[in-house]
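Undergrad: One predicted model, sequence on top.
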Amino acid sequence: MRKFSKLATSALLAGAALGYASTAMAAPRTAFVHLFEWSWEDVAQECETFLGPKGFAAVQVSPPNKVIGGNAWWTRYQPVSYAFESRSGNRGQFQDMVQRCKNVGVDIYVDAVINHMAAYDRNFPEVPYGPNDFNSCTSDIDYGNRWQVQNCDLVGLNDLKTSSDYVRQKIADYMNDAIGMGVAGFRIDAAKHIPAGDIDAIKGKLNGNPYIFQEVIGAGGEPVRPTEYTYIGDVTEFAYARAIGPAFRDSNIAWLRDVSNQMELSSSDAVTFVTNHDEERHNPNGPIWHGVQGDGYFLANVFTLAYPYGYPKIMSGYYFNGDFDAGPPGSGVHTGNACGFNGGNWVCEHKWRGIANMVAFRNHTAGEWRITNWWQGGNDQIAFGRGGLGFVVINKRYGSNINQSFDTGMPDGQYCNIIEADFDESTGQCNQAAGSSGQATITVSGGQANFTVGGDSAAAIHVGAKIGDVCTGADCPCTSNCNTDPKPATPVAATSICTSESLSTLYYWGAQPAGSLSDASWPGVAMQTNGDFKCHDLGVELTSVNAIFSNSGANKTADLSVAGAGCYKGGAWSTLEACGFEITGDITPDPVGGTEVCYDNQAGFNNPTLYYWSVSAETAVANAQWPGVAMVQKDGYYCHDFGTKLSSLNIIFNDSGANQTGDLNTTGDSLCYVAGSWVASTNCVGGTNPDNGGDEVWFFRGTANAWGKAQLDYDSTSGLYYTIQSFSGEEAPARFKIDSGNWTEAYPTADYQVSDNTTYRINFNSASKAITVNAQ
């Protein structure tokens, strides 16, 4: 969750009333960074080595899902699937990054592209979406026409029909998948092109209470306004960037004292920024950025972090040297490349000393959400305080120093000038940066302090960087083990269902064995608080039951299934014991299912692989390491035997970490995944091979033979029909069906897609209609 939300209200004013005589409290985290096109491994290392210690609240990461091919940066905004697969890394690396960042107090915000899919045809089988899931308007958009803005294709990208509950659920499934891995928030890309009511409906399907901010560009004369979206979450305030950029570029900054009064959004609703990835490419002569007047860009960021308005986002990208389509460097800051100040290709603005240290300034001055002791020297020199908690001086006059005393209102003492030096909170020491010749320390006496600030430079002090003050214990910024798991308070019965989500009502139905428990009436029963959890004792031993958590019907989860009892935490089921509960009584449901999970590989994976977690079984089963274990062929299916009786488990089938299904869960009596549904193992593996001596006739039809007919051979050993086919780029994508000969029976329902320029043995089980594919 966002660590600093709506602080322009009473919570901050209360701090002013207290006077903040003591600063011995851990400061909130009040600014975040966009690590544009960084890899997941690089983000994780940056959290651990820099962002956590520096007090950043969160990282906005690039879209993590599968997109079209190509190196241009904008390919990341043309999705073809919601699978966590991108040039930044795979699902396992993404989940590892989220956890490592959370461990040092840094949240992850996903850039969610949910307005549209890529500019392909309108079939996206991996979701799946078909033509009926898109709006039909493909004309150019008249931005004076609300309907066109929100229903027509944006620059040719297929506009999703977000009014459809099916589409809303698919989007919510994707976002809930991310939430289940620990993601704390989302940037909604192109939110202006989605009706606010549609976004709100999607948000209502999300688990927990993620932080939401929405990209809405307000423009004069247009009907869609940023304020329409504030009831859902925060909104990007482009007007701020487009005001502050020219001010610093033209050295006309004195008027910025009241810049917040000229914004359409209130401070509590606005995400502010000096530039972003779009502006510096599509509007390079508007907002100021690293390619236009670097000193001015630096000072604009210093001002933004000092000024009490909005939730600031720092841009951190890469050099593109006038090629506005250029993709990222081939390696990351921590994985073979470097920041620009170290000779690399990444700009790393967030690591520029003054910007990085001003994050702590904002954190420590959050309790005084106001400007005090404003001073200006002409149009290009300003200074102001933050209610005695900090003071900043900004000199945009080239070649002319500021050298004078200011009333800072701060407690007496010697402070570290965080623009020129780094303050170590653990030692209370101020360390002047190598190559810095500016004023490293500033002394306050009677509230007065003398500042010497060179042209195109700044100085800043705050109560968290007072020399000699050493933080201890909880007063220090958290740098490790910051992610505190929820804890129970009292034991529970073995028949209980508990959740750590911020949801208080449990609806249940379909309990097994049949007749053992009547369905609840919607929205369900109120759960009881148990430490950081909410729990309800079903009072009866079950093999499985369906469940929905909600807040009296609002903010409900998706339909869930659990093996009779369990703990729902972080978007996934685990045992009550795994959540830390002690169990009262002697009722412990026994595992009821088989030992083997099988899959018909309808997706056509070259190397079917099983990833599993939160397994409830007769003996303990550790979570798999992504991408999981290779499955073996058996009776026309791909299977993995756990060697222990299973009660329930969570599963993702994937292609050695590449293409993958969504998150799946099942119980021990339904362990075979066929045609998108779970069935009993006895209905597929063992006993489903045709016993017909090969007297059936089946044909291959596909791009490899121009959709003609090629009769399948029969393998008497396996009881499967098969053919060997070579795909050589005849038609994209390469695909096929197995057909009875006259199209009255053709499998699968959607074409079976395979990689091109490859030869395959294709096996067909005529009883179950399962197809397996093996590259030769």
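TA: Done, it's in. Residues are numbered from 1 along each chain as shown.

Undergrad: quick one: secondary structure of residue 286?
TA: Under DSSP: H, G, I helix; E, B strand; the rest coil, residue 286 falls in the coil class.

Undergrad: Which strands and helices lie in contact with the helix ranked longest in the chain?
TA: Criterion DSSP state H: the longest helix present in the chain is helix 165-180. Contact analysis of helix 165-180 by 3 or more C-beta pairs under 8 Å, 6 or more residues apart in numbering; DSSP states H and E lists strand 107-112, helix 196-203 as its packing neighbours. Where you see a C-beta, it was placed from the backbone N, CA and C, and this is true even at glycine.

Undergrad: Apply 7 Å and report the result again.
TA: helix 196-203 (3 or more C-beta pairs under 7 Å, 6 or more residues apart in numbering; DSSP states H and E).

Undergrad: Just the angle for the helix it packs on relative to strand 107-112, thanks.
TA: 130 degrees (axes from the mean of the first three to the mean of the last three C-alpha atoms, to 10 degrees).

Undergrad: List the buried residues in helix 196-203.
TA: For helix 196-203, burial by neighbour count (16 or more other C-beta atoms under 10 Å) applies to 196, 198-199, 201-203.

Undergrad: ok, back up a step: now the longest helix of the chain, how far from the centre of its chain.
TA: Helix 165-180 has its C-alpha centroid displaced from the chain centroid by 12 Å (C-alpha atoms, centre = their mean, to the nearest Å).

Undergrad: which residues sit against it?
TA: Residues from elsewhere that reach helix 165-180 (C-beta atoms under 7 Å, 6 or more residues apart in numbering): 82, 110, 112, 114, 127, 133, 160-162, 186, 201-202, 205-208, 210, 558, 570-572, 662-663.

Undergrad: In helices only, show me the residues you listed.
TA: Among those, DSSP H puts 201-202 in helices.

Undergrad: Among the contacts of helix 165-180, name the ones in strands.
TA: Using DSSP state E, the subset of these located in strands is 110, 112, 186, 572.

Undergrad: Show the contacting residues for the third one.
TA: For residue 186, the residues meeting the contact criterion (C-beta under 7 Å, 6+ apart) are 109-110, 112, 175, 210, 212.

Undergrad: Which two of those have the greatest separation?
TA: Using C-beta to C-beta, these span at most 11.6 Å, a distance reached by 109 and 175.

Undergrad: Can you give me the domain boundaries for the chain?
TA: 34-121+164-295+320-349, 372-475, 492-584, 596-683, 699-775 (automatic domain parsing).

Undergrad: how about those in CSV, adding distance to residue 310?
TA: CSV is the format used below for the domains of the chain (distance: least, C-beta to C-beta, whole Å):
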stretch, distance to residue 310
domain 34-121+164-295+320-349, 4
domain 372-475, 15
domain 492-584, 25
domain 596-683, 35
domain 699-775, 45
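
Undergrad: Against residue 677, how distant is residue 133?
TA: In this view, residue 133 and residue 677 are 21 Å apart by C-beta to C-beta, to the nearest Å.

Undergrad: Show me which of those two is the more surrounded one.
TA: Comparing residue 133 with residue 677 by other C-beta atoms under 10 Å, the one with more neighbours is residue 133, at 20 against 9.

Undergrad: Would you confirm that the more buried one contacts residue 164?
TA: Yes - counting by C-beta atoms under 7 Å, residue 133 touches residue 164, with 6.4 Å between them.

Undergrad: got the residue ranges for the helices in the chain?
TA: For the chain, the helices defined by DSSP H cover 10-18, 40-46, 52-54, 91-103, 146-151, 165-180, 196-203, 238-249, 279-282, 294-306, 353-364.

Undergrad: For residue 491, which of the ones you listed is the nearest?
TA: helix 165-180 (26.7 Å).

Undergrad: residues near residue 490, how many?
TA: Residues lying near residue 490 (other C-beta under 10 Å) number 11.

Undergrad: again, but for residue 705
TA: Neighbour tally, residue 705, other C-beta under 10 Å: 17.

Undergrad: Could you do residue 282 as well?
TA: By the measure other C-beta under 10 Å, the count of residues near residue 282 is 10.

Undergrad: Can you tell me the closest non-neighbouring residue to it?
TA: residue 324 (7.5 Å; C-beta to C-beta, 6 or more residues apart in numbering).

Undergrad: do you know how far that neighbour is from residue 696?
TA: When distance is defined by C-beta to C-beta, residue 324 is 58 Å away from residue 696.

Undergrad: right, and residue 413 touches residue 466 too?
TA: Yes - assessed by C-beta under 7 Å, residue 413 is found in contact with residue 466 at 5.1 Å.

Undergrad: Now do the contacts for the residue nearest to residue 235 when sequence neighbours are not counted.
TA: Leaving aside its sequence neighbours, residue 235 sits nearest to residue 226 (C-beta to C-beta, 6+ apart; 4.6 Å). Going by C-beta under 7 Å, 6+ apart, residue 226 touches 216, 218, 235, 264-265.
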